[in-house]
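S.K.: Turn this into a structure:
(2 chains)
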Amino acid sequence: MLQQLTNLSDKELISRARKLKDQEAEGVLMERYSHLMVAVCLPYLNNGPGTAPEEVYPRLLQRLSASLKTQTIPKANEWIHYTIRAQQAQTEKNSPFFPSTESREQQQMENKVEKVTTNLKEQQVLAAAMEQALDKLPAEDKYFLKEFYVNNKTFTELAATKKYSVEKTRQILQQAKQKMASLLMNETYE
Amino acid sequence: MSNLENNQRILKIFSNIRCLNRDQLPRYLDGRLTDVEKHLVEQHLVDCDLCFDALQVLQQSQYREKYQPLATSMQQYIRSSIKRASQVHKVERYQRQEQKKESFLIYFWIVAAIGIGAGSIYLVQQQGKFKTPVSKAIASNTDLRTTQSETPPVQASIVTPVREENEVSRKPAEPVTTPVAAPPVVATPPPAAVPKPIVKDSVKATVKPPATVTAVKDSIRDSARKQLAATPKAPEVKEPPKDKPPTPDRKDTPTVVKKAEDKPEPKAPPKKEASDEKKAAATPTNTDEFLYKAAMVYHQQGDLNEAISRYKHLSESPGKYGELSRYQLAVCYRSKGQTGKARRMFKEVVRMNGSMKEKAQAALDNL
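M.R.: Modelled structure (predicted):
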């Protein structure tokens, strides 16, 4: 049963955990992200009362399990990151997770790309639209996106050419991508 | 081709890539990934804050040491909680299955009980149906015995045996038609014929289904044949009481005919007439009597055409049965709506100046 569940996507596991109250599916989802949870929480361990790993991680899992039943989760990684940050900020108020507008636009674009994978004609149309959107972006954003995605350059290579840090390079890429997504989505709405 | 590749690369900007797995995370940090894999991971890292933060933390050696044991214990913790949950889930599922089984069994037994109950009720009803005719027959037998004891020996010797027994079973209350003690006197009927007609007549009196009617017909035909065969013997036995029948005949016929007049149904008068026929049984023409009775059976059944043809055949014979059959023929015509023929027949009966004259005249007046 566990073997079969590990092959399911996040979305399917979440729906199983919600609709069928399948705790195994919930467990598989938690296990899939457990190593990342552990890594992200490491700097906040043993910093004060109630920050021992035996307390932090079970509490985090409980919090995630509770919010899984009530919240809309388009992306599991964003939801987990949000919950970890909320726990680290020690906010007792359980403010619900809402994906940002940029994130939603980006996800819509991802869905569009996934849709056209089987149709060459649609692929061409979408690629042309994306190129047009790419041209509308600022020169630096366009350069970074083209170098990273079309010329397959790594973070370190890109950072080296512009003499930026890896974090900054990633940030530029992230923002450029978000701009492009909003451009494309606004085009479709017009 | 290059255009297609270019398209694919541009589309890659928005391709969805999964988070780094347990294996990829340390390998990326150590730089042990292939170029393609590394590029894929970096594509994902552009969007995923969780993975990027994890990598940032793990790049610091102090956390890197803690990471591995904690990650393993976290995995074990989750697995153990899943196991517990799954066991509880399994127990619940098993309990649900058991409950389902139990409820199914309960439904099954309820249905089975209903089926058995319905079956037993049906059987009881069927038994009741089978019992009633038998009990009736027994009751008629007892009546028969009582009437036998009451009847005077003189009357009993007058009448033909087979038909009389039938009449007794049919109408046990009537004292006029009781003359049953004949079996010991007359040798004509077969010994087995005594109980049979009782049952048949009782059935005939209640429902008259086609099968029983045919059986009755056959029995009548058989008895007629037997009578025919026994004709030489019969007169010897019946000669002495010959003088008596005319008086009861005259007394009985008018009453019976009146009853027939009252009831418009074709069935009622023939029955009465049949009882009249027993009084006239002293006549030597036993064949005519049985033929007449056979015709009566058809008449009672409503098979008028057959009855008419038989009455016609009989009407030519001299004596009482000729007159009676003509009268019945007229009744048949009347019930068929052929009033002209009926009138002619009634006139003939009147002209014959027999016992049925008054009745025929009355019928003629009513027509």
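S.K.: neighbours around the spatially closest residue to A:Tyr33 that is not a sequence neighbour, how many?
M.R.: Counting by C-beta to C-beta, 6 or more residues apart in numbering or on different chains, A:Ile80 is the residue found nearest to A:Tyr33 once chain neighbours are left out, at 5.3 Å. No exception for glycine: its C-beta is placed from N, CA and C like everyone else's. Residues within reach of A:Ile80, counting by other C-beta atoms under 10 Å in any protein chain shown, total 26.
S.K.: got it, and B:Leu367?
M.R.: B:Leu367 sits with 12 neighbouring residues when counted by other C-beta under 10 Å.
S.K.: Which residue ranges of the stretch 51-200 of chain B form helices?
M.R.: B:61-150, B:153-158, B:161-170, B:182-185, B:195-206 (DSSP state H, counting those that start in this stretch).
S.K.: average pLDDT across the longest one?
M.R.: Per-residue pLDDT values across helix B:61-150 average out to 80.
S.K.: Show me what it is packed up against.
M.R.: helix A:23-41, helix A:53-68, helix B:49-58, helix B:161-170, helix B:195-206 (3 or more C-beta pairs under 8 Å, 6 or more residues apart in numbering or on different chains; DSSP states H and E).
S.K.: how far off helix B:61-150 does the first one point, in degrees?
M.R.: On the basis of axes from the mean of the first three to the mean of the last three C-alpha atoms, to 10 degrees, helix A:23-41 is oriented at 170 degrees to helix B:61-150.
S.K.: how close does A:Leu20 sit to chain B?
M.R.: As judged by C-beta to the nearest C-beta, to the nearest Å, A:Leu20 and chain B stand 10 Å apart.
S.K.: Looking at that residue now. What's its pLDDT?
M.R.: pLDDT, A:Leu20: 85.
S.K.: Then A:Asp10?
M.R.: 90.
S.K.: wait, doesn't it sit right on A:Glu26?
M.R.: No. Look at A:Asp10 against A:Glu26 with C-beta atoms under 8 Å: they stay out of range, at 11.5 Å.
S.K.: Those two: which has the busier surroundings?
M.R.: A side-by-side neighbour count of A:Asp10 and A:Glu26, using other C-beta under 10 Å, places A:Glu26 first with 25 against 19.
S.K.: residues in contact with the more buried one?
M.R.: Neighbouring residues of A:Glu26 by C-beta atoms under 8 Å, 6 or more residues apart in numbering or on different chains: A:Leu13, A:Ala17, A:Ser65, A:Leu68.
S.K.: Identify the residues contacting the second one.
M.R.: Right, the one you point to is A:Ala17. A:Gln23, A:Ala25, A:Glu26, A:Leu29, A:Leu68, A:Lys69.
S.K.: my read: A:Gln88 touches A:Tyr44, true?
M.R.: Yes. Using C-beta under 8 Å, A:Gln88 is in contact with A:Tyr44, at 5.1 Å.
S.K.: Please report the distance of A:Ala89 from B:Tyr94.
M.R.: 44 Å (C-beta to C-beta, to the nearest Å).
S.K.: Looking at those two now, which is surrounded by more residues?
M.R.: Taking other C-beta under 10 Å, A:Ala89 and B:Tyr94 do not tie; B:Tyr94 has more neighbours (10 against 7).
S.K.: got a list of what the residue nearest to A:Tyr33 touches?
M.R.: So A:Ile80 contacts A:Tyr33, A:Leu36, A:Met37, A:Leu64, B:Leu50 (C-beta under 8 Å, 6+ apart).
S.K.: please redo it, this time with the cut-off set to 10 Å
M.R.: When contacts are counted by C-beta atoms under 10 Å, 6 or more residues apart in numbering or on different chains, A:Ile80 touches A:29-30, A:32-34, A:36-37, A:40, A:60, A:64, A:67, A:73, A:97, B:19, B:49-50.
S.K.: Only C-alpha atoms, please: export stretch B:65-78 in CSV.
M.R.: Extracted C-alpha coordinates of stretch B:65-78, given in CSV (Å, rounded to 0.1, in the frame of the first residue of the first chain):
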residue,chain,number,x,y,z
GLU,B,65,26.2,17.0,10.8
LYS,B,66,22.9,17.2,12.7
TYR,B,67,20.9,16.8,9.6
GLN,B,68,21.4,13.1,8.8
PRO,B,69,20.4,11.6,12.1
LEU,B,70,17.5,14.0,12.6
ALA,B,71,16.2,13.3,9.1
THR,B,72,16.3,9.5,9.7
SER,B,73,14.5,9.8,13.1
MET,B,74,11.9,12.1,11.6
GLN,B,75,11.2,9.5,8.8
GLN,B,76,11.0,6.7,11.4
TYR,B,77,8.6,8.9,13.5
ILE,B,78,6.3,9.5,10.6
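S.K.: Go through that stretch and flag the buried ones.
M.R.: Under the neighbour-count criterion of 16 or more other C-beta atoms under 10 Å in any protein chain shown, stretch B:65-78 has B:Lys66, B:Tyr67, B:Leu70, B:Ala71, B:Met74, B:Gln75, B:Tyr77, B:Ile78 buried.
S.K.: tell me which element residue 17 falls in.
M.R.: Reading this off chain A. Assigned by DSSP states H and E, A:Ala17 belongs to helix A:10-19.
S.K.: buried residues in that helix?
M.R.: Residues of helix A:10-19 classed as buried by neighbour count (16+ other C-beta under 10 Å): A:Asp10, A:Leu13, A:Ile14, A:Arg16, A:Ala17, A:Arg18.
S.K.: So the fifth one versus A:Thr70, what's the distance?
M.R.: When distances are taken as C-beta to C-beta, A:Ala17 and A:Thr70 turn out to be 12 Å apart.
S.K.: low-confidence ranges in the chain?
M.R.: Just so you know, I chose chain A. Low-confidence segments of chain A (pLDDT under 70): A:1-3, A:91-94, A:188-190.
S.K.: nope, chain B please
M.R.: Along chain B, the parts satisfying pLDDT under 70 run over B:1-2, B:85-86, B:131-285.
S.K.: What is the longest helix along chain A packed up against?
M.R.: Determined from DSSP state H, the single longest helix within chain A is helix A:166-189. Applying 3 or more C-beta pairs under 10 Å, 6 or more residues apart in numbering or on different chains; DSSP states H and E, we find helix A:166-189 packed against helix A:101-115, helix A:120-136, helix A:139-145, helix A:155-162, helix B:35-47, helix B:49-58.
S.K.: of the ones you listed, which approaches A:Met180 most closely?
M.R.: Shortest distance between A:Met180 and the helices and strands packed on helix A:166-189, using C-beta to C-beta, is found for helix A:120-136: 5.2 Å.
S.K.: So is that closest one next to chain B?
M.R.: Yes. Shown here: helix A:120-136 in contact with chain B (C-beta under 10 Å from any C-beta of the partner chain) through A:Leu120, A:Gln123, A:Gln124, A:Val125, A:Leu126, A:Ala127, A:Ala128, A:Ala129, A:Met130, A:Glu131, A:Ala133, A:Leu134.
S.K.: isn't the first one right up against B:Leu11?
M.R.: No. Taking C-beta atoms under 10 Å as the contact criterion, A:Leu120 and B:Leu11 are not neighbours in contact, 11.5 Å apart.
S.K.: neighbour count winner among those two?
M.R.: Between A:Leu120 and B:Leu11, B:Leu11 has the larger neighbour count (other C-beta under 10 Å), namely 20 against 11.
S.K.: For that one, which three-state class applies?
M.R.: Secondary structure state of B:Leu11, per DSSP: H, G, I helix; E, B strand; the rest coil, is helix.
S.K.: circling back: out of the residues of helix A:120-136 next to chain B, the closest to A:Asn186 would be?
M.R.: Nearest member of the residues of helix A:120-136 next to chain B to A:Asn186, counting by C-beta to C-beta, is A:Ala133, at 9.6 Å.
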